[in-house]
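Trainee: Just to be clear, the model below is a prediction. Sequence and coordinates:
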Amino acid sequence: MTTVDDATVTPVVLGGTRGGPDVPTLRRDRWWLQPLVSASVLIAFVVYATWAAFANKDYYVGAAAHRDLISPFYSPCLTASCVPGSHPGFYLTWWEISPAILILIVPLGFRLTCYYYRRAYYRSIWLSPPNCSVADAHGSYSGETRFPLILQNVHRWFFYLGLALNVILTIDAVVSYGEPGVGVGVSVGSLVLTANAALLWLYSLSCHSCRHLCGGQVRRFSDHPIRYRLWKLVTPLNANHMKFAWASLVFVALTDLYVRLVASGAFHDPRLF
Amino acid sequence: MSDVTMRIWRGDPAGGDFEEYALEAQEGEVVLDVVHRIQATQAPDLACRWNCKAGKCGSCSAEINGTPRLMCMTRMDQLPEGPVTVAPMRTFPVVRDLVTDVSFNYEVAKRIPAFEPPARPAEGYRMQQIDVERGQEFRKCIECFMCQNVCHVIRDHEENKPHYAGPRFFIRLAELETHPLDTNDRRELVRQRMGLGLCNITKCCTEVCPEHIKITDNGIIPMKERVVDASYDPVGWLGRKIMRRPKRSPEEAAAGSSS
Amino acid sequence: MVDYETHDYDVIVIGAGGAGLRAAVEAKERGLRTALVCKSLLGKAHTVMAEGGVAAAMGNVWPEDNWQVHFRDTMRGGKMLNNWRMAQLHAQEAPDRVYELEAWGALFDRTTDGRITQRDFGGHRYARLAHVGDRTGLELIRTLQQRAVHLGIDVFMECKVLRLLTDDDGRVSGAVGYWRPTGEFIAFTAKATVLATGSIGKSWAYTSNSWESTGDGHAMAVWAGADVIDMECVQFHPTGMVWPLSVRGLLVTEGVRGDGGVLRNSEGTRFMFDYVAPMFRAETAETEEEADAWYEDHINNRRTPDLLPRDEVARAINSEVKAGRGTPHGGVFLDIASRRTPEYIRRRLPSMYHQFMELAGVDITAEPMEVGPTCHYMMGGIRVDADTEAATVPGLFAAGEVAGGMHGSNRLGGNSLSDLLVFGRRAGIGAADFAEGRTGSPQLDDGQASAVIAAALEPLGRDGGENPYQLHHDLQQTMQSLVGIIRTGPELEQALEKLGELRQRADKISVDGGRAYNPGWNMATDLPSMLTVSTAVTQGALHRRESRGGHTREDFPTADPELGKVNFVQRQRVERGPDAPIEIGPEPLPQMPPELTVLFEEAH
């Protein structure tokens, strides 16, 4: 007769037989399409951004063209090599390679540690897993518990730096309406810079860390009415974080491309009014 | 009405294979209805776990055409043409046919430190609706364990089971962390013992949730952010040094001493 | 000789729905060795289906509410057939049981001042149902489940109990059953046994109940010599879905009507105004204008007849369908779509909306639902002492749906969840007291256990016999067509005859496959319970030659005041078991004391 002391509940069974066949997935839909598209866009961006960052030219359209347009990859332009008019009045003399590299650390770090991009590249690049109920391509797995992936926890610091960068890009957009030698006007270039800044704001403010810092971290909303209102404000943005992430990523590259084409003389930035 | 072909996994711990069953389609049926008809007419010993047949109890989880679904909530007329594959959940050991041993989840549940409210005031507890709503979302959970099943951390790396709570229990912990009356701090527990850091937020748990709980956005990520508050935030760390508020060990948190 | 494992406890609780969990929590908190045995996984019991709320006169929304009003509503709803003492304890203790859940982590919806809010429900004079959206049952079971896990109660999941064991003195001393995953047998010895096995609905073709509701507890109590009462009182929920097929039988919560939904026939008429019985006229609106104004202003208007007690509504729907004013699929329309905005409906009835959208592609914010009566709840059950929930056999206790008396001939919505909590706790106390007072350890009677096991194994040893699924199907058809919502003497006689035949066929069941998770065999072992309770329901219905609450006799369409003073009690006195006959006879109801009868004399 057993007693209550040795009455056992079912223990966790490791190594038990699993149901279903031993295949990576039973899915027959086009589950590979989503990771393929994600990976393609991410890789295309990285290739373009690397090239654009190392190019170290054609990132600024200045007074000669009656414009003040700077590529978001190069703003703020902080090194001695920055073309005249592009830097904010001071610069770092010890930095010798492209000024873009210095600045791109911030958006790169912000996006690399972003909760949405993590999902995107863990799935599409690292294939861990490629899609839901499709087997992980790796034999062992330690998640984000060890170096280097434990550094994902620094996301909120990149968020703060990203906000500062957004302010600078917003200033860039505002000053782009001042067309040297012409006065104030609206050109396609200034609209592009404005849209770029707006998308970056949407991307940053919809960030999960932002939502947490606004009010998500409090236990009782009713004790913090203002933070609750902020949280309510950013929550719907957060639901669209993925959309803002893609839109701002593609647009920031297009913005650079636009400035680059104008700066290289491919065409003149049209003035609208 | 046309015929349907069901490919259903038949087997036990010794092994198994898909078996095909052809039967006449009927209007307005869900996969569970068809499985029941197969039981009644062709395979009386076909094992399948179910209770309410209304999407409220979370018993009939299976992998339909390779995707975790509740059999009672999957309408036949919404599946693509061709044979319908029904297999048991992959992450848990098979008992027989479509039934798996989900005791892992009940073992994890025992490790969650209980809700710890302050003493009840004479006029009763007061809580505001805005404060209970976050927890209410997580309490919609019907424990179908499909989030646990789809989570690759244990689906593809079984060795993580002993130290990984899984999405279902991350939202349970998030529910307790946002409970307006709870006095426990489970952040260290969730980091050190529940394996929150193993989650790489690939969001499949959210995709399969039949209750549409935003497991990742509203549960796991806020928990990760709270862990950052506690462990990876230099400002917070400095604040604690200055304020001399000691960080609590998981054992202390589990013991439920209130701060 | 088949081996079986054995376990010894102070208290075993069979059934892990709300009542079972609450009883086990109570016994465990007393420090007793407690086991919880359930047929499914923990937390899947039928309690999760309860949507509307827990009825408790907390007075948070209407300060005028108190236990006396709740008590009176309950007794009136039950057509005075209730055990008055149970109804009194229930009304008095329900608020504390709700507050207790809150202290265990339940998150009820709140009033603006932060208290638990309460909603209107059929038959309740005031908004009284504490709720969590429309998933209150889930909240209740999850809270109790988490409490039970925290206390470290031993849970035997997917373990089906076949029979209770008795000692030489006739006391219940344990139970024998089998593990569903393996088919291995298991026996318990226990100083006290609590039955909390829930309902019997699986004997009907249209039912909101899950496969578990096979009446195991009712049947096992009868086989152990306990009394059952009011077995004829089966509640048919007025608004089960009749179409589409995938949701047939699924309930549409009364909350839909509480939040503004109305019943219409195929001509578009709100027919409930034509079915207001005299006893409800004083408090029911006479015009659509008054009914519609009531939602906003309860003081100056009377409530809509759409919220009359369930039996009244079920009978009205039945009459409309019989008169040819039903929907194409034999129900009536329940319309909230044309009366409330989609946002309002989605907010007030989220899981209702979501369930129909996903299960059947029906958008309840855009189109009316087709509804009709569905077998829903068993008022009758094991006769218990109101204060301790002790059955008439020593050592046996019962709580929740398996116990009889609390709801009389008809249960009010919301009273089931409060019933589980109030009497689950009391059964836990009763069982704990009994266990502590019981001298000596109960001994396992191997002869009894082995006989039960041998009987359970018989279908596996047979070839070419009856198919258990077919037998179940035939039983459901019999009960649906002959012992349904409207009953007549000759049909009930016919049903008894058919049940006898089914009983004979049940002895010839054969099952393919082995014992491990074999649903065919599981069904075969459930059928004896279903046949016993079906027989008891039919006998009760035949003897109660009147219409009262959930029991409607076409040949005796009115209530008989004399029959309103008795319970029909059924038991197996000498010969016991699935094949033995069940005696039936009237016995007087417990007498209500004058201080309570006065509540029914006041003008209301």
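Mentor: On my side now, so go ahead.
Trainee: how about the residues of the stretch 351-500 of chain C near chain A?
Mentor: residue C:444 (C-beta under 8 Å from any C-beta of the partner chain). Glycine gets a C-beta too; all of them are placed from N, C-alpha and C.
Trainee: What ranges does the stretch 351-500 of chain C have for its helices?
Mentor: C:415-437, C:446-461, C:468-482, C:489-506 (DSSP state H, counting those that start in this stretch).
Trainee: Return the residues in contact with residue C:506.
Mentor: Residues in contact with residue C:506 (C-beta atoms under 8 Å, 6 or more residues apart in numbering or on different chains) are C:466, C:471, C:527-528, C:531, C:578.
Trainee: and with 7 Å instead?
Mentor: Residues near residue C:506 by C-beta atoms under 7 Å, 6 or more residues apart in numbering or on different chains: C:471, C:527-528, C:531.
Trainee: got it, and residue C:417?
Mentor: C:18, C:50, C:54, C:136-137, C:140.
Trainee: mind running it again at 6 Å?
Mentor: Taking C-beta atoms under 6 Å, 6 or more residues apart in numbering or on different chains, we find residue C:417 in contact with C:50, C:54, C:140.
Trainee: Verify the contact between the second one and residue C:132 for me.
Mentor: In other words, residue C:54. No. If you go by C-beta atoms under 6 Å, residue C:54 and residue C:132 don't touch, sitting 9.6 Å apart.
Trainee: Neighbour count: those two, which is higher?
Mentor: residue C:54 (33 against 24; other C-beta atoms under 10 Å in any protein chain shown).
Trainee: Is the more buried one bridged to anything, and to what?
Mentor: Here residue C:54 sits in beta bridges with residue C:130, going by DSSP bridges.
Trainee: Give me every residue in chain B lying close to chain A.
Mentor: Within chain B, the positions adjacent to chain A are B:9, B:13, B:66-67, B:85, B:87-88, B:90, B:93-94, B:103-104, B:107, B:128, B:130-131, B:150, B:152, B:156-158, B:161, B:180, B:197-198, B:200-204, B:207, B:221-222, B:225, B:228, B:232 by C-beta under 6 Å from any C-beta of the partner chain.
Trainee: Would you list the phi and psi of the residue nearest to residue B:14 when sequence neighbours are not counted?
Mentor: Closest residue to residue B:14 apart from its sequence neighbours, by C-beta to C-beta, 6 or more residues apart in numbering or on different chains: residue A:17 at 7.4 Å. Backbone torsions of residue A:17, given as degrees, to the nearest 10, read phi -70, psi 140.
Trainee: check contacts around residue C:83.
Mentor: Residue C:83 is in contact with C:386, C:405, C:590, counting by C-beta under 6 Å, 6+ apart.
Trainee: can you put those in JSON lines and add distance to residue C:93?
Mentor: Compiled in JSON lines, these are given as follows (distance: C-beta to C-beta, whole Å):
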{"residue": "C:386", "distance to residue C:93": "12"}
{"residue": "C:405", "distance to residue C:93": "16"}
{"residue": "C:590", "distance to residue C:93": "18"}
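Trainee: Now list the buried members of these.
Mentor: Using 16 or more other C-beta atoms under 10 Å in any protein chain shown as the burial test, those include C:386, C:405 as buried.
Trainee: What's the mean pLDDT across stretch C:520-530?
Mentor: Average pLDDT, stretch C:520-530: 97.
Trainee: nearest spatial neighbour of residue B:169, skipping sequence neighbours?
Mentor: With sequence-adjacent residues excluded and distances taken as C-beta to C-beta, 6+ apart, residue B:169 is closest to residue B:108, at 5.2 Å.
Trainee: wait, doesn't that neighbour sit right on residue B:165?
Mentor: Yes. In this structure residue B:108 lies within contact range of residue B:165 using C-beta under 6 Å: 5.2 Å.
Trainee: the more surrounded of those two?
Mentor: Set residue B:108 next to residue B:165 and count neighbours by other C-beta under 10 Å: residue B:165 wins out with 26 against 20.
Trainee: ok, the residue lying closest to that one once chain neighbours are set aside to residue B:237 distance?
Mentor: Nearest residue to residue B:165 in three dimensions, chain neighbours excluded: residue B:194, at 4.0 Å (C-beta to C-beta, 6+ apart). Counting by C-beta to C-beta, to the nearest Å, the gap from residue B:194 to residue B:237 is 21 Å.
Trainee: Report pLDDT for residue 96.
Mentor: Using chain A here. Residue A:96 carries a pLDDT value of 81.
Trainee: actually chain C
Mentor: Note on residue C:96: pLDDT of 97.
Trainee: how close does it get to residue C:421?
Mentor: 9 Å.
Trainee: Comparing those two, which residue is more hemmed in?
Mentor: Applying other C-beta under 10 Å to residue C:96 and residue C:421 shows that residue C:421 carries more neighbours, namely 27 against 13.
Trainee: so where is chain B shaky, pLDDT-wise?
Mentor: Applying pLDDT under 70 to chain B flags the ranges B:1-2, B:234, B:236, B:243-259.
Trainee: tell me which parts of it are close to chain C?
Mentor: Counting by C-beta under 6 Å from any C-beta, chain B sits next to chain C at B:28-30, B:39-40, B:44-45, B:47, B:51-52, B:54-57, B:59, B:73, B:95-96, B:99, B:109-110, B:114-115, B:117, B:120, B:125-129, B:132, B:135-136, B:139, B:143.
Trainee: Let's see the PyMOL selection covering just the buried ones among the residues you listed.
Mentor: Of those, the buried ones can be selected in PyMOL as follows, counting by 16+ other C-beta under 10 Å:
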select buried, chain B and resi 28+29+30+39+40+44+45+47+51+52+54+55+56+57+59+73+95+96+99+109+114+115+117+125+126+127+128+129+132+135+136+139+143
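Trainee: Inside strands: which ones of the residues of chain B next to chain C?
Mentor: The members of the residues of chain B next to chain C that map onto strands under DSSP state E are B:95-96, B:99.
Trainee: Pick the one among these closest to residue C:67.
Mentor: Within these, distances to residue C:67 taken as C-beta to C-beta reach their minimum at residue B:99, with 45.5 Å.
Trainee: would you turn the contacts of residue C:506 into a markdown table with distance to residue C:179 and neighbour count?
Mentor: Putting those into a markdown table (distance: C-beta to C-beta, whole Å; neighbours: other C-beta atoms under 10 Å in any protein chain shown) gives the following:
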| residue | distance to residue C:179 | neighbour count |
| --- | --- | --- |
| C:471 | 24 | 21 |
| C:527 | 19 | 24 |
| C:528 | 19 | 26 |
| C:531 | 24 | 24 |
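Trainee: which of those residues sit farthest apart?
Mentor: Distance extremes for the contacts of residue C:506: the farthest pair is C:471 and C:528 at 11.0 Å, using C-beta to C-beta.
Trainee: got the contact list for residue C:551?
Mentor: Residue C:551 is in contact with C:232-233, C:409, C:544, counting by C-beta under 6 Å, 6+ apart.
Trainee: could you redo the last one with a cut-off of 8 Å?
Mentor: Contacts of residue C:551 (C-beta under 8 Å, 6+ apart): C:232-234, C:409, C:487, C:540-541, C:544.
Trainee: mind listing the helices for chain A?
Mentor: A:33-55, A:99-112, A:115-124, A:155-175, A:188-205, A:208-211, A:225-239, A:241-263 (DSSP state H).
Trainee: buried ones in the second one?
Mentor: Right, the one you point to is helix A:99-112. Within helix A:99-112, the residues that count as buried by 16+ other C-beta under 10 Å are A:99-104, A:106-107, A:109-111.
Trainee: from memory residue B:35 sits against residue B:48, does it?
Mentor: Yes. When contacts are counted by C-beta atoms under 8 Å, residue B:35 is listed as touching residue B:48 (5.3 Å).
Trainee: Could you pull out the residues contacting both of these two?
Mentor: With C-beta under 8 Å, 6+ apart as the test, residue B:35 and residue B:48 both reach B:71, B:98.
Trainee: Can you list the low-confidence ranges for chain C?
Mentor: Scanning chain C for pLDDT under 70 picks out C:1, C:602-604.
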